[in-house]
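> Build me a structure from this.
(2 chains)
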Protein chains: 2
Amino acid sequence: MSPERPRLSDDEFAAWLRREGERRYHDQHPFHLRMHRGELTREQLQQWVLNRYYYQSRVPIKDAIILSKSEDPAFRRMWIQRIHDHDGERAGEGGLALWLRLAEGVGLDLDEVAGFSRVLPGVRFACDGYVQLVQRVSLVEAVASSLTESFAPDLMSRRIEAWEKHYPWVRSDVLEYFRTRVTRARTDSEQAIDFVRRNATSYDLQERCVAALIRKTEILWHILDCLQAAP
Amino acid sequence: MSPERPRLSDDEFAAWLRREGERRYHDQHPFHLRMHRGELTREQLQQWVLNRYYYQSRVPIKDAIILSKSEDPAFRRMWIQRIHDHDGERAGEGGLALWLRLAEGVGLDLDEVAGFSRVLPGVRFACDGYVQLVQRVSLVEAVASSLTESFAPDLMSRRIEAWEKHYPWVRSDVLEYFRTRVTRARTDSEQAIDFVRRNATSYDLQERCVAALIRKTEILWHILDCLQAAP
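Here you go, the predicted structure:
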């Protein structure tokens, strides 16, 4: 048996996570590049909004699983905020409702979006795979898988700009979800990276956190693969 | 194959749940009867508070699992309140903190209580069994398993009275947790029974809901079996 590798320093570990996450982040996916260059048709933009809603709908579910993995009321008090962010305090509020407003804004039928009937099979596999990943791994790995959001604020800012420029037929006010994510994703990812740094207490755990983050980038990437390949 | 039994009416079903739950509820356990007659020693009361805290600590965990099983933001907005009730909005608040105040009030060492080091093995099995039950079954069955709380308000009222009368060495203000449960358990159980009635859409599901509730009564009962048998 080879001797156990020593734990990386917090900063080395954070840099490793950032490096692996950043180079696999879906902002570099050809479909995203085309979206931001204004090259998507109305139908392709609709497809993206409709399919991505399935991903959005899995987020509070995976966050509730993460909540259930913690023994610490203080952690739970912090993490539960994410569920409120998506579900809102009352009907019509929160991130899921904002996404449905976006769906309406690009001309989709809301029942069809909310019913998931037209979600591409591969998108469903990838998103369900995310829920299963979070279910299977330890708390710290599950939290690490959420770290893709540390790259989200930049992407959201670029997206708002690109949509306003290239898709003027989409009313700017329906882009509100992206606007809320700029600040919220920053706070969320800072809390998550802080937790992961403190709780990945061995090299082995650090390595497994990186693996969970890589798997998550594959999930986001695959959603765009499916959209790219769609007729 | 025998033909499927027709679904019971909502009222028949609710009566069945009540009947099965009520006759197995742990208020009739010999240990509880002795507690309420003032026959427990200080050590036995401490044992109960310490072991029961392990149960309390599983409650927000099982509620987060229930949350993760729902596809409906409206249900989640309702159910998430239970997690806030136990964890509080900040450190020192919520049901778990109130239970620790009770633990202090009966003379226990808080670190020992919060660290679960003296929890009886059988109590741990039963409480972990509750988490596993909720994990394994469908959402409606998981919610049905929580219906023991519809019998809690009466028990809480009797408990406060009995403790104030028989255990005057316990300061009345540390009984606050029991007081909060009188109203809260009533609201919670009304929401839960309403959900179970609407969502147990076949006889088979109704039967499985009853089975989940029975299993839950066995969990609560077994905790007291362990305390009864403890030296």
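
> where do the helices sit along chain A?
Taking DSSP state H as the criterion, chain A carries its helices at A:10-24, A:30-36, A:42-68, A:73-87, A:95-105, A:110-115, A:121-136, A:139-145, A:152-166, A:176-199, A:203-229.

> Could you dump the ones you listed into CSV and include distance to residue B:181, mean neighbour count and mean pLDDT?
For glycine as for every other residue, the C-beta is placed from the backbone atoms N, C-alpha and C. Formatted as CSV, the helices of chain A follow (distance: least, CB to CB, whole Å; neighbours: other CB atoms under 10 Å in any protein chain shown; pLDDT from 0 to 100):
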stretch, distance to residue B:181, mean neighbour count, mean pLDDT
helix A:10-24, 42, 15, 97
helix A:30-36, 51, 17, 97
helix A:42-68, 22, 21, 98
helix A:73-87, 18, 20, 98
helix A:95-105, 32, 20, 97
helix A:110-115, 36, 14, 96
helix A:121-136, 31, 18, 98
helix A:139-145, 29, 24, 98
helix A:152-166, 41, 16, 95
helix A:176-199, 31, 17, 95
helix A:203-229, 38, 19, 98
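
> so which of the ones you listed comes closest to residue B:83?
With distances scored as CB to CB, the stretch of the helices of chain A nearest to residue B:83 is helix A:73-87 (6.1 Å).

> between that closest one and helix A:42-68, how many degrees?
160 degrees (axes from the mean of the first three to the mean of the last three CA atoms, to 10 degrees).

> when you scan helix A:73-87, is anything in it near chain B?
Yes: counting by CB under 8 Å from any CB of the partner chain, chain B has neighbours in helix A:73-87: A:73, A:74, A:76, A:77, A:80, A:83, A:84, A:86, A:87.

> that older thread, let me have the helices of chain A in a markdown table, extended by distance to residue B:217.
As requested, the helices of chain A are arranged in a markdown table below (distance: least, CB to CB, whole Å):
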| stretch | distance to residue B:217 |
| --- | --- |
| helix A:10-24 | 46 |
| helix A:30-36 | 53 |
| helix A:42-68 | 23 |
| helix A:73-87 | 27 |
| helix A:95-105 | 36 |
| helix A:110-115 | 38 |
| helix A:121-136 | 28 |
| helix A:139-145 | 31 |
| helix A:152-166 | 46 |
| helix A:176-199 | 37 |
| helix A:203-229 | 39 |
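
> closest one to residue B:148 among these?
helix A:42-68 (19.9 Å).

> and that closest one with helix A:176-199, angle?
Relative orientation of helix A:42-68 versus helix A:176-199 (the same axes, to 10 degrees): 40 degrees.

> neighbouring contacts of stretch A:184-197?
Contacts with stretch A:184-197, where a contact means CB atoms under 8 Å, 6 or more residues apart in numbering or on different chains, come from A:10, A:13-14, A:17, A:75, A:78, A:82, A:85, A:140, A:143-144, A:146-147, A:149-150, A:152-153, A:156, A:209.
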